[in-house]
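Sequence and predicted structure, then a few things I'm wondering about:
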Amino acid sequence: MQSKVKPKTFFISTFYKCFALKNLERLEISFREELKKRKIIGTVVLTPEGINSTIAASNKLSLNHGIRFIEKFTGNLVIKNSSSNKQPFKKLKIKKREEIVPSGFNLNLNNHEGKYIEPKDWQEFISQKNVVTIDVRNDYEIEVGTFKNSLSPKTKNFREFNKFIKENKKKLSKKKLAIFCTGGIRCEKASILFENNGLKDVHQLSGGILNFFEKEEDKEKWKGECFVFDDRVTVKTNLKPGNYLQCYACRRPLSQKDLFKKEYVKGVSCHKCLNEKSDEDRKRYAERQKQLNNGL
């Protein structure tokens, strides 16, 4: 009787840090060389505002060594850890960008001190009557899961978030605001946008949803799964891969039920993007999917 092959475990670390980061070209070369040597995959975003990253490896010690190398240039990092039996990334990508999160505004993160709520205190904090809880993420992420009774800004991307603040400033002006996102980085910019609009009583979930999942056993106020920007698509509250797949035409998450909708064609379209893409786009996606099916 043949023994089953034990699936490979990938150890995943997510982190960001806001500070004045210089010599991006040199860092890109150094990080790529070191992380490739240690067989680390994932995405590292380098910007003048700091670093934002999720990386993974099948060897936990190798991943830890890679992080220690990065910390030589960044100082200590706050790491959110998870694991998966599914490979979360296809390869290593190191990107240089102008903003750590695209906002369309020149926001000074280096001198900003936010008000942080630790995961153990978060659910009690958002239960207060004078607190409005706001999900800083995009609409397709919120659709997958969010904290109960939280307000959705109904944005397609973070560049639209300032418009949401301006439209709701009067309604929110006398409230205490509790904001959250996946790993915490969008809240760093969102809190400044709120302050720039005169809303000062803003508190953010330290380390975001992923930190809450990792640190807090009682997750009574969370409903659903959490969208992540890697091949796991979503994670459950225990940080194991979730039940969603991804449309490779629009990159949005799809439930198992969505796969049975007539608009869904693997690698080509789904009900969320059918009217957003042209016939030419779909022909291109279909050809790409054909090549993937043939192992090219």
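Good, I have the coordinates.

got the domain boundaries for the chain?
Per automatic domain parsing, the domain ranges recorded for the chain read 10-96, 116-226, 246-293.

measure the longest one end to end?
With Cα to Cα, to the nearest Å as the measure, the first residue of domain 116-226 is 21 Å from its last.

go on, the first one?
Counting by Cα to Cα, the length from the leading to the trailing residue of domain 10-96 is 25 Å.

Mind checking the pLDDT average for it?
Throughout domain 10-96, pLDDT has a mean value of 97.

now do the last one
The average pLDDT within domain 246-293 is 93.

now do stretch 110-126
Stretch 110-126 comes out at a mean pLDDT of 92.

Buried by neighbour count: which residues of stretch 266-274 qualify?
Neighbour counts over stretch 266-274 (16 or more other Cβ atoms under 10 Å) mark 266-270, 272-274 as buried. (C-beta placed from N, C-alpha, C; glycine too.)

And for stretch 283-295?
Within stretch 283-295, judged by 16+ other Cβ under 10 Å, the buried ones are 285-286, 289.

Check stretch 245-259 too.
Buried residues in stretch 245-259 (16+ other Cβ under 10 Å): 245-247, 249-250, 252-255, 258.

now do stretch 129-137
132-137.

Outside of the helix or strand hosting E287 itself, list whatever touches it.
For E287, the host element (DSSP states H and E) is helix 279-293. With Cβ atoms under 8 Å, 6 or more residues apart in numbering as the test, helix 279-293 has contacts from 248-249, 265-269, 277.

which of these sit farthest apart?
K266 and K277 (14.6 Å; Cβ to Cβ).

Out of the buried residues of stretch 129-137, which comes closest to T47?
V136 (18.5 Å).

Show the pLDDT at the closest one.
98.

ok, it touching C187?
Yes: between V136 and C187 there is a contact at 5.6 Å, judged by Cβ atoms under 8 Å.

Overlap of the contact sets of those two?
179-181.

Adding neighbour count and distance to P88, write those out as TSV.
Below are the shared contacts of V136 and C187 laid out as TSV (neighbours: other Cβ atoms under 10 Å; distance: Cβ to Cβ, whole Å):
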residue	neighbour count	distance to P88
I179	26	26
F180	28	22
C181	24	19
